[in-house]
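Colleague: build me a model from this:
(chains A, B and C)
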Amino acid sequence: MSFKNHQRQQFIIDTANAYTKRKISKRDFLRKMGLAGVGFSAFGMGMLGGHSRGKGLQLGNMAHAAGHSDMNEWLREVGKPFAGTTIRYTSEATPPTVVANELKGEFEELTGIKIEIEIVPLEQVLAKATQDVQGQLGTYDLYYLDQAWHATFFPDTVDPVEYSQEKPELAMPGFDYDDFSAPLVEGISKIGDKWVGIPFDIPIFTFMYRRDILEKHGIAVPKTYDEFTTAVKLITEAEKENGIFGTGLQAKSGHYSLECDWSQAVWGHGGSIFRADGTFSGNDEQGIMGLEWYQELLANAPASSLESTWDGQWQMMHSGQVAMVQSWDEFFPGMDGDDSPVKGLWEMTAPLQGPHTLRDRSAAGFGEIPDWGHQGGSSIALSRYSKNIDAAWLFMQWVCSKEMMVRLTLGGGFAPMRNSSFADPRVLEKARVGAGTTRHLPVVLDTIENYIASEPDMPLWAGLSSNEIPTELGKLLTGQEYGGDAKACMDAIAKIVDTQTAEAGLR
Amino acid sequence: MRTPTYLVTLRYAAAIFVTAVFMFPIFWWTLTSIKPTNAIFNKDEVVWFDFEPTLINYRVTVMGESPSALTGGSTGSGTTMGTGGENSFDGRRTIVDSIIIAVGSTIFTIIVAVGAAYALSRMTFRGNQAYLNWVLSYRFMPPIAIIVPLVFMFRDLGLRDTHLGIILVHSLINLPIAVLLLKSFLDDIPKDVDQAAMIDGATRWQSFRLVVLPMIKGGIAATAVLCFVFSWTEFLLSLFLTSEIRTLPVKITTFVTSTGSEWGFIAALGTSAMIPSFIFILLVQRHLVRGLTMGAIKD
Amino acid sequence: MTDTMASPSENSRSKTRGEGKFWTMPRWLTSEHSFPWIFPATATLIVFGLYPIIYSVWLSLNRRHPVTRENEWNPAWNWSRVFADERVWDAISVTYMYTFVAITIQLALGLGIALLLDSDRKGFGLMRALMTLPLVVPPAVTGMMFLLMYNNSFGVISRTLQSIGLLDPAKPLLSSHETALWAVMVADIWQWTPFMVLIMMAGLRALPKDPFEAAAIDGANALQAFRRLTLPMLSKIIAIAVLIRGIDLFRVYDYVKVMTDSGPGTATETLTAYSGTIYFKSANFPYASAVAILTLVLVIITANIFIKVFKVRF
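Modeller: So this is what the prediction gives:
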């Protein structure tokens, strides 16, 4: 890496860090990034023509990184006593995990610690982790915790920041906790002052649209919920012949994905899930407005939205069936893949905002943060019951280290957790149309910094968000019950939720 | 009495139609396994044969080749970019695990069940019928009812995530039906045969091993195949009692990811998973057809 | 315990064999006694079956506090909720409905196909062999297979039905409460009808030939022979087949889980599926155990009524 390059990188990191800590305004941030050549528009549009890279990913290899060999040396040294132990963790097949699973061999080679990553669908991760803490089994040394479960597992993990102070000899030099995006740490990993884990994955709602379809119909990129609804109806109507719909949803009954869509709909209309007193507020005026909006959207989306989770929604986007989607940013890189029928056609921008105003977080309950960008982030956390806690700790630091964050991002094109990774030259270089693109990351960063929302932190939430709420919503959306009456459905949910919170002594 | 030709033709037509209907899902699944993603998910039409067949799905899942090397880093979804490292979709170890578990539990089940079946068929002990009912009642048990206790138990016994643990649990699931089947095969053998051996001075064990056992070889084979198939296809218990060890159904469900499921891989490994059981079933079909009367038709 | 087959001569023989040894094996450990024969099976069933069930019953008598996650002894807590829980009642009716309809169709199809394929003409052997193929597909994979074929936008079954006007494109098969249960059932029927065919084939093959020849001489036609002879003679094996399959249907899990996850709403929520949902999603093990134990009790009661009414004997 040339000095000049290095300087530029440092400048970007500093800018990002300053921005994270709110030392500079968003405008300044964008301006400075522009100076550094990270023009946000240039990110996506500039490279559209030249994507003939064909084969082969320029994945960061070990020689690339400055300071990387230091980390390897350190790991080789400090890992010696733990050679031969086996570390386990279980995770959903999210992009960072899949890539980490592919790269773990390097860590094994350095330390002699064996890593087993058990990849299962999301709810099985929850069940298995719950089983583990319930019986204090110590089956898993690390947990993959979805943000919805943090409050549940709060007592079962070791605070990484504290642990690194407790055992300085095992703390990775230059790990730099401040480098983690502050809103992420706040929104995902922290409960009160405790770090439950280290942020590891940040799927967040952004707005994605098909440039070509919007242009064809002369529609400006929607900015508000109202503009979006209008555009969806227009496109669904106009493209009927071509089998293209305005939007697609992840509305599978009984699945967490539906709950995610719903909570964004509620927040986007000025509502919240809980009131400050801990009662359910999805059945207030704003909540009903949000749900009715969602019903309207559904009427203009492919019917298979009803059978889709994030997986199905991805498929709709990828096959060219839908024109706009407000959903997980992680969908994006796959759209640019070489075998994608919509390669280079999707663009990303900030999530929809307005015309309603957000509810203030002080009016919401259980640490809920109503905002425009629903996040489904997760942390990687150290189990208190682990029998090989130090070996697991080494792996956790390795996989969350600056170098690995960059390489995980390069491997899957999803958003990193560290400010420095966003600015890494290798990441910037991939900001062009092609497999595993990173051209959407500036928008993701912007969304994380400015619009991140967060579901409530409460021990019952894991169950409510994946069972009771989406099941009752499913009854409404498919007409099994409630006769299409959003209020009746929300009242029923309110009754269920309020009973449970009262029984648990949470309000 | 000769059947009129038109009836024969009609019967052929009906039989072929029914077989075709039942073959269709498997045909479609196999077809899916050699399709590129664009042909599996095409918004305009259902693609039947108009695609370029590919073996990539098999090369990744069964041969363990790296997805990125095969596709230039872009199969269906963003997650399978591949980094040249470990291939999360490699099914080879899973196949080995599945074979160990299915074969192991089949052997264990047969050994244990044949003893119980022999006692039930040849010995009259107090509560004979009640014992049979007790054994069969385990067939009633919903696997979901025993998962939590088994998890704790396996932790204490060190059986969690071991082949032995799953072998034992699958044996538990298979035992009732195996005992019932083997008993019916044993009942088919006239009692005079082994009694004659015992009168000639053989112990019960000797008469069992030398006289009875050879006569029910076919029945054992048929029962074994059924046990193998049940173990090979079991999902729920394997899922929760293992983490590193994987059986095929469990592995296949992990190809559902948060950014698009790998349907090509799912279909390829799913298709491959059918082959061994199918061969076994064919080998013992004759005995299976006899044994499944379960002693109901004798009088 | 007595073995009727242990004749006096055997007893004396084992005595003489024991002479001259330091230790005589106790009789209950020899192969003459039933104990060694049934012990391994019994032990396996007790350790991995009975004990976990008892544990589950105990668990269901505890209340799990959602915040502290402690289990506290409170026998009435879960059970009073089980009977007040609407979803339990819905699940019971879905379960019985599913079991009853699926078993009827599987039996009718199984018997029909067995009669159809029971021929020694050329090609029928191959078709019989092919018919066993669905049996070897893991049910979880079957679920995924049908999930793909049912997909409202891309699936071959849905698209074909839509193109011939039999399916409203706005009502996905698996996401409409009118059709979802039937669609799941089709997968079950596809997979397990072959099992019924095998059993029925076994029954047909084992039928004695004489009565049929006599009937033919008396001028009975095929339908009469089937009603008067085949069906009565098969009745025992039909009863056993219905019992075995019915129990499996009652506990159906994989298809529901993979294809609809109990949805839409609760339209396909069977008892085991509901138990699984509480277990996996809400992590309330005691309550999930209560529902699972309720399932077990219902299976036992239903099966025993069936055994009594149809005089099933093994």
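Colleague: which SSE is the residue nearest to residue A:222 when sequence neighbours are not counted in?
Modeller: Nearest residue to residue A:222, sequence neighbours excluded (C-beta to C-beta, 6 or more residues apart in numbering or on different chains): residue A:228, at 4.0 Å. (C-beta placed from N, C-alpha, C; glycine too.) Using DSSP states H and E, residue A:228 sits within helix A:225-238.
Colleague: let me see the mean pLDDT of that helix.
Modeller: For helix A:225-238, the mean per-residue pLDDT is 96.
Colleague: what comes up buried for it?
Modeller: A:225, A:227-229, A:231-236, A:238 (16 or more other C-beta atoms under 10 Å in any protein chain shown).
Colleague: could you do stretch A:77-87 as well?
Modeller: The neighbour-count check on stretch A:77-87 (16+ other C-beta under 10 Å) flags A:78-79, A:82, A:85, A:87 as buried.
Colleague: farthest pair within the buried residues of helix A:225-238?
Modeller: Maximum pairwise distance in these, criterion C-beta to C-beta, is 20.4 Å, between A:225 and A:238.
Colleague: thinking again about what came up before, touching, the residue nearest to residue A:222 and residue A:352? I think so.
Modeller: Yes: between residue A:228 and residue A:352 there is a contact under C-beta atoms under 8 Å: 5.4 Å.
Colleague: now do the shared contacts for those two.
Modeller: A:207, A:222, A:326 (C-beta atoms under 8 Å, 6 or more residues apart in numbering or on different chains).
Colleague: now the residues you listed in CSV, with distance to residue A:403?
Modeller: Output for the shared contacts of residue A:228 and residue A:352, formatted as CSV (distance: C-beta to C-beta, whole Å):
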residue, distance to residue A:403
A:207, 32
A:222, 39
A:326, 33
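Colleague: just these now: which is nearest residue C:240?
Modeller: Of all these, the one with the least separation from residue C:240 (C-beta to C-beta) is residue A:326, at 56.0 Å.
Colleague: the helices in the stretch 401-507 of chain A, which residues?
Modeller: Per DSSP state H, counting those that start in this stretch, the stretch 401-507 of chain A carries helices over the ranges A:402-412, A:419-422, A:425-429, A:441-451, A:461-463, A:469-477, A:486-503.
Colleague: need the ones you listed in JSON lines with mean neighbour count, can you?
Modeller: Compiled in JSON lines, the helices of the stretch 401-507 of chain A are given as follows (neighbours: other C-beta atoms under 10 Å in any protein chain shown):
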{"stretch": "helix A:402-412", "mean neighbour count": "26"}
{"stretch": "helix A:419-422", "mean neighbour count": "25"}
{"stretch": "helix A:425-429", "mean neighbour count": "18"}
{"stretch": "helix A:441-451", "mean neighbour count": "23"}
{"stretch": "helix A:461-463", "mean neighbour count": "24"}
{"stretch": "helix A:469-477", "mean neighbour count": "27"}
{"stretch": "helix A:486-503", "mean neighbour count": "18"}
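Colleague: between those, which one is closest to residue B:284.
Modeller: Closest among the helices of the stretch 401-507 of chain A, once you apply C-beta to C-beta, is helix A:469-477, at 44.2 Å.
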